[in-house]
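Task: produce atomic coordinates for the following.
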Amino acid sequence: MDSSEKREELLRVFKADPLWKHVETLGLQDRVFDNEKFLESIIWNHDYSTSQVASILNVKNNQIIINLLNRHDLKDYVQTTQSVNGYYSFNHIAIFQLRLMLVLRDNGHQPIDIATILGKITQYSRGELPKKDVVNENRLAEEKESIENIVELKVQQALENILPKMSQELLRYKNHYEKAMMEMQNENALSQWEIKSRSIVNQIDLLETQMEVLTSHPNIKPNIFTKIFGIQTESNEIHVTKLQATLKEKIGQLILEKKKLELEKTSLLEQQIKLKKIETTATLNLEDN
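Presented below is the predicted three-dimensional model:
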């Protein structure tokens, strides 16, 4: 399939896509396809890593792509898959979705503007990826109460009807209860991880926006930034230089926090896998009995 055929196929698939329609409205169609490497490098239905996608899309920093994927209002749009270790995998559809987002970003659209244009996830011939269910504290409380009620009822039945098997039944439901608690704690920890990660990504976006403003307008009088960071009255040039250094340092600190969170997520996912294995083993043992 040559570049022209790839372009026709993408236009067919994305004809109803809200981002593509917005690109057409702005007259940016040529900007989407102006990078020859973009189409020439893509192999249909082949999976690419984040670094490979960054190279194809001429993005110098992988974190820009990761930040878009981690936003709660954008991550469901790009049809990626993610391994147990948290690594993303992109096919030609996902790459083109990122391409549309980056073109709009380069033409003055903030991530929140792109999310507003999307409105909802578009269905494609490949099919929409399943949405991840985010556990909240209220649901955890309800599930915990329900499990406790079930355990209490089963214990009473065992005492009243099958005294010889009481110990075996109690042990079985005790193990079930303890495992259920561990699963909910793990899910809650993953939910809290997502909240922290989203907060850091949003902070990075805000600081990067401020950095772009200072870089694009070096003669701006940063009165607002001065109030935020408490810099004393100095020349405008010194003001801007100090603010840029402060913003860069804060962005670096947030990126380090994000990396630490990624390690935490790996540990949580490993724990989740262990619980699944325990569940499978317990099910087999029950069937044998």
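
drop to CA atoms for contacts and neighbour counts, all remaining ones
Fine.

Can you give me the distance of Leu243 to Asn202?
Distance check for Leu243 against Asn202: by Cα to Cα, to the nearest Å, it reads 19 Å.

Between these two, which has more neighbouring residues?
Per other Cα atoms under 10 Å, whichever of Leu243 and Asn202 has more neighbours is Leu243, with 21 against 17.

How far does the lengthiest helix in the chain sit from its chain's centre?
With secondary structure taken from DSSP state H, the chain has its longest helix at helix 236-288. Mean C-alpha position of helix 236-288 versus that of the full chain (Cα atoms, centre = their mean, to the nearest Å) differs by 11 Å.

What is it packed up against?
Applying 3 or more Cα pairs under 8 Å, 6 or more residues apart in numbering; DSSP states H and E, one finds that helix 236-288 makes contact with helix 166-216, helix 223-229.

between the ones you listed, which gets nearest to Ser83?
helix 166-216 (15.3 Å; Cα to Cα).

now for the closest one, which elements pack on it?
helix 62-70, helix 137-161, helix 236-288.

report the angle between the axes of the last one and helix 166-216?
Okay, so that is helix 236-288. Helix 236-288 runs at 160 degrees relative to helix 166-216, counting by axes from the mean of the first three to the mean of the last three Cα atoms, to 10 degrees.

picking that back up, going by mean pLDDT, which of the helices and strands packed on helix 236-288 comes out lowest?
For the helices and strands packed on helix 236-288, mean pLDDT drops lowest on helix 223-229, to a mean of 52.

Let me have the helices and strands packed on helix 236-288 in TSV, extended by distance to Asn61.
Shown next, in TSV, are those (distance: least, Cα to Cα, whole Å):
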stretch	distance to Asn61
helix 166-216	13
helix 223-229	26
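
Point out the most buried one among those helices.
The highest average neighbour count among the helices and strands packed on helix 236-288, using mean count of other Cα atoms under 10 Å, belongs to helix 166-216 at a mean of 16.

okay, Lys134: pLDDT?
I think there's a mix-up here, since residue 134 is Val and not Lys. Reported pLDDT for Val134: 41.

Could you count how many residues lie near Asn45?
So Asn45, with other Cα under 10 Å, has 10 neighbours.

The chain should start at 24 in everything you say after this.
Sure thing, new numbering starts at 24, so read that last one as Asn68.

Just say helix, strand or coil for it.
coil (DSSP: H, G, I helix; E, B strand; the rest coil).

contacting residues for it?
The neighbourhood of Asn68, defined by Cα atoms under 8 Å, 6 or more residues apart in numbering, consists of Asn114, His115.

Tell me the pLDDT of it.
For Asn68, pLDDT reads 85.

before we move on, back to that, lowest-confidence stretch among the helices and strands packed on helix 189-239?
Taking the mean pLDDT of these, helix 160-184 comes last: a mean of 66.

follow-up on the earlier one: looking at the helices and strands packed on helix 259-311, spot the one closest to Leu42.
Nearest to Leu42 among the helices and strands packed on helix 259-311 is helix 189-239; the distance by Cα to Cα comes to 20.5 Å.

Run the angle between the closest one and helix 85-93 for me.
130 degrees.

For the residue positioned nearest the centre of the chain, give its distance to Ile227.
Ranked by distance to the mean C-alpha position of the chain (Cα atoms, centre = their mean), the top residue is Asn93 at 2.9 Å. From Asn93 over to Ile227 the distance is 12 Å, taken as Cα to Cα.

Same check on Val55?
26 Å.

what's the answer for Leu298, then?
34 Å.

same thing with Leu91?
For Leu91 relative to Ile227 (Cα to Cα), the value is 11 Å.

before we move on, what about His262?
In terms of Cα to Cα, His262 sits 21 Å off from Ile227.

next one: His45
Distance from His45 to Ile227, by Cα to Cα: 26 Å.

now do the same end-to-end measure for stretch 43-62.
In stretch 43-62, first residue to last residue: 16 Å (Cα to Cα).
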